[in-house]
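Peer 1: I would like the atomic coordinates for the input below:
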Amino acid sequence: MLRVLFVGDIVGKQGRKALSNHLPFLQEKYNYDLLIVNGENSAHGKGITKKIYDFFVELGVDCITMGNHTFSKDNVYSFINEADKLIRPANLQPENFGKSCHVINFKGKKIGIFNICGTIFMENTTKSPFEAFEQLLDGFPCDIKIVDLHAEATSEKYAFMQYFKNEVQMIVGTHTHVQTADEAIFENCAFISDVGMTGPYNSVLGRDTDEVLSAMIDKIKTRYTISNEEAIFSAVLVDVDLEQQKAVSIERIQIRP
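Peer 2: Modelled structure (predicted):
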């Protein structure tokens with residue numbers, strides 16, 4: 001059996017703090033084998049830095065997935081090609097930096113973790129998630145496949161799951177920062193359309209509430225300021241039968257301040 005803990009979009013300093021605070025308890029309670037986090041909002045709400053990448057690795061994170069803000073910090077170009085545990089969406093421009101699959105050997109099986117972007121309401125994508133993932137499958141044959149589908153539209157996430165549910169063991173949606181209550185097993189695949197965020201709870205999707213209201217109501221141009229409020233922690237726990245190569249359970253985890 002393989003037990004995977006996937007932590008949803010980590011937003012800013014408060015999200016990183018919540019991850020660090022909750023992991024010891026979660027490891028003791030669930031005894032997970034593989035820890036994956038989405039880190040595309042971990043640096044002040046947009047992107048990731050080398051320092052934060054190292055922070056995740058030191059916490060014991062096995063793989064960091066990204067999303068549409070992958071290249072928001074200029075210094076990502078200086079380390080992304082050497083960051084072994086960092087993956088970026090395969091169909092996001094520019095395509096010639098970093099990798100989109102991380103393979104881990106576990107109990108004699110190859111575990112592949114993949115990162116794809118949706119195209120509906122998303123910018124800077126190069127091809128459909130279906131085409132992008134099929135190309136990755138050809139390039140990285142694995143026994144167990146885990147996908148972070150970083151996408152806006154619920155319909156696109158469900159369509160992707162229905163298409164790949166027989167050959168993929170875990171598909172989790174990220175990006176919207178709101179955890180959905182639709183976790184289920186479809187054929188071989190554990191699925192949730194969005195894991196939710198690990199970031200400031202009393203906020204607007206992690207951003208400072210006053211700033212967002214100024215932008216929406218007063219039409220004042222604002223920065224991407226992250227709230228200093230305490231963070232909610234959002235994740236899913238998935239058990240995968242290695243011999244049958246199918247997911248057998250999925251559980252939502254949400255810890256509010």
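Peer 1: for the helix-or-strand element of the chain with minimal mean pLDDT, the distance to its chain's centre please.
Peer 2: Sorting the helices and strands of the chain by mean pLDDT, DSSP states H and E puts helix 209-217 at the bottom, at a mean of 93. Chain-centre distance of helix 209-217: 27 Å, with C-alpha atoms, centre = their mean, to the nearest Å.
Peer 1: helix or strand right after that helix?
Peer 2: Reading on from helix 209-217 to the C-terminus, the next helix or strand found by DSSP states H and E is strand 231-241.
Peer 1: Could I get the contacting residues of the residue nearest to G60 when sequence neighbours are not counted?
Peer 2: Distances taken as C-beta to C-beta, 6 or more residues apart in numbering place L35 nearest to G60, at 6.0 Å, with adjacent residues excluded. To be clear about C-beta, it is placed using only N, CA and C from the backbone, and glycine gets the same treatment. Residues in contact with L35 (C-beta atoms under 8 Å, 6 or more residues apart in numbering) are V4, L5, V7, L23, G60, V61, D62, C63.
Peer 1: Please convert the residues you listed to JSON lines, extending it with neighbour count, secondary structure and pLDDT.
Peer 2: Shown next, in JSON lines, are those (neighbours: other C-beta atoms under 10 Å; DSSP: H, G, I helix; E, B strand; the rest coil; pLDDT from 0 to 100):
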{"residue": "V4", "neighbour count": "27", "secondary structure": "strand", "pLDDT": "98"}
{"residue": "L5", "neighbour count": "23", "secondary structure": "strand", "pLDDT": "98"}
{"residue": "V7", "neighbour count": "30", "secondary structure": "strand", "pLDDT": "98"}
{"residue": "L23", "neighbour count": "19", "secondary structure": "helix", "pLDDT": "98"}
{"residue": "G60", "neighbour count": "9", "secondary structure": "coil", "pLDDT": "98"}
{"residue": "V61", "neighbour count": "22", "secondary structure": "coil", "pLDDT": "98"}
{"residue": "D62", "neighbour count": "20", "secondary structure": "coil", "pLDDT": "98"}
{"residue": "C63", "neighbour count": "27", "secondary structure": "strand", "pLDDT": "98"}
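Peer 1: export those to CSV and tack on distance to E183?
Peer 2: Formatted as CSV, these follow (distance: C-beta to C-beta, whole Å):
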residue, distance to E183
V4, 13
L5, 14
V7, 15
L23, 21
G60, 24
V61, 22
D62, 21
C63, 20
